[in-house]
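Novice: need a 3D model of the sequence below.
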Amino acid sequence: MSLVTASIQIAAAPEDVWKMVMDPDRLDDWVTIHRRLLHADDGPPRVGYEMDQQIHLRGVGLEIHWKLVDCQPCKRAVWEGRGPARSRARTEYSLNAQAGGTRFDYRNEFRPPLGPVGAIVSRALVGGMPEREAKRTLDRLRAHLEST
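Specialist: I've put the predicted structure just below:
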């Protein structure tokens, strides 16, 4: 399993941050590895909400099926994802109101297929890329929210 965490302070209200991060049509605005939204359920985010996304990592396009398993509006969201070859991911967003804005905490756990062998291959192929991309993604989120 690989774990990536990142945090950022954003000069925007938690409601504004939530609105952006939970809108599948806005993924392209802030998620650096996002390439295309393939499907998203209608209506507001809620437990059981599902979406399919294509991401791009190290020259490879991957399709991920996400399901929202925890949804506390303007506070916390937890997505569980399934990718190719039985890979799994869990992504958590935590939003905390602070003076002058919102602290946004991001956490992603990735479980590659094939157990320990898959973990070794994943580390060799991906290296420190997830941490860099998480930071770039949160920087884009802040830049977009603070410019509007």
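Novice: relative to D139, how far out is R82?
Specialist: 28 Å (CB to CB, to the nearest Å). Heads up, the C-betas are built off the backbone N, CA and C, glycines and all.
Novice: which strands and helices sit next to the longest strand anywhere in the chain?
Specialist: Criterion DSSP state E: the longest strand present in the chain is strand 60-72. Judged by 3 or more CB pairs under 8 Å, 6 or more residues apart in numbering; DSSP states H and E, strand 60-72 is in contact with strand 50-57, strand 76-82.
Novice: just say which of those strands is most tucked in.
Specialist: strand 76-82 (a mean of 18; mean count of other CB atoms under 10 Å).
Novice: so who does the residue lying closest to D139 once chain neighbours are set aside touch?
Specialist: What sits nearest to D139 in space, not counting adjacent residues and going by CB to CB, 6 or more residues apart in numbering, is I8, at 7.2 Å. By CB atoms under 8 Å, 6 or more residues apart in numbering, the residues touching I8 are 103-104, 138-139, 141-142.
Novice: quick check: I8 is in a strand.
Specialist: Yes. Using DSSP: H, G, I helix; E, B strand; the rest coil, the assignment for I8 is a strand.
Novice: in the sheet, who's paired with it?
Specialist: I8 has these beta-bridge partners by DSSP bridges: F104.
Novice: please report how far A11 lies from Q98.
Specialist: 10 Å.
Novice: with W30 instead?
Specialist: 20 Å.
Novice: neighbour count for those two, which is higher?
Specialist: The neighbour count for W30 versus Q98, taken as other CB atoms under 10 Å, is higher for W30 (19 against 11).
Novice: need the contact list for that one.
Specialist: 20-21, 137, 140-141, 144.
Novice: that older thread, just put the helices and strands packed on strand 60-72 in a markdown table and tack on distance to R36 and mean pLDDT.
Specialist: Below are those laid out as a markdown table (distance: least, CB to CB, whole Å; pLDDT from 0 to 100):
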| stretch | distance to R36 | mean pLDDT |
| --- | --- | --- |
| strand 50-57 | 4 | 91 |
| strand 76-82 | 15 | 96 |
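Novice: export these to a markdown table and append columns for distance to E131.
Specialist: Putting the helices and strands packed on strand 60-72 into a markdown table (distance: least, CB to CB, whole Å) gives the following:
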| stretch | distance to E131 |
| --- | --- |
| strand 50-57 | 13 |
| strand 76-82 | 18 |
